[in-house]
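A.B. asks: with the input below, show me the fold.
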Amino acid sequence: MEYKQSFRDLYQEAKEKYNIQQAPKLILRKDIDNAKKIFGRTAYYDPGNEEIVVFITNRHPKDILRSYCHELIHHVQNERGDLNIGDTLSPTYAQDDDHMRKMEMEAYLKGNLLLRDFEDNFKK
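C.D. replies: Next up, the predicted model:
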């Protein structure tokens, strides 16, 4: 499977599964300085611009796709209006805000399962 095609196919699967109304913009960012940091960024979702930014330098393609799936779930949450409730400005929002903690839990669970199901179906 071609790398770019995997993003398209993953999006289509998520769109059908989670009823995504508007496709988020995807930005694949190369950043050597970020890649050198043990806790550098892997990805983030910008709800105001509906953008998913995934850092790709020195990462395994499957890990990149996993980050994309996680951020896709944040996009789903944004479309539901769930990202308007909590505090996302704090660097520790996922620890300090109960609602945002639940949003992160959902993104980790559903994002990982989205990729796992996609991969398992691809292997068939």
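
A.B. asks: so what's the spatially most central residue of the chain scoring on pLDDT?
C.D. replies: In the chain, the residue lying closest to the centroid (Cα atoms, centre = their mean) is residue 71, at 1.6 Å. Listed pLDDT for residue 71 reads 98.

A.B. asks: is it in contact with residue 50, as I believe?
C.D. replies: No. Between residue 71 and residue 50 there is no contact under Cβ atoms under 8 Å: 10.8 Å. Yep, even glycine has a C-beta here, placed from its N, CA and C like the rest.

A.B. asks: joint contacts of these two?
C.D. replies: residue 24 (Cβ atoms under 8 Å, 6 or more residues apart in numbering).

A.B. asks: and the residue nearest to the centre of the chain, how far from residue 103?
C.D. replies: Remark: distance between residue 71 and residue 103 (Cβ to Cβ, to the nearest Å) = 12 Å.
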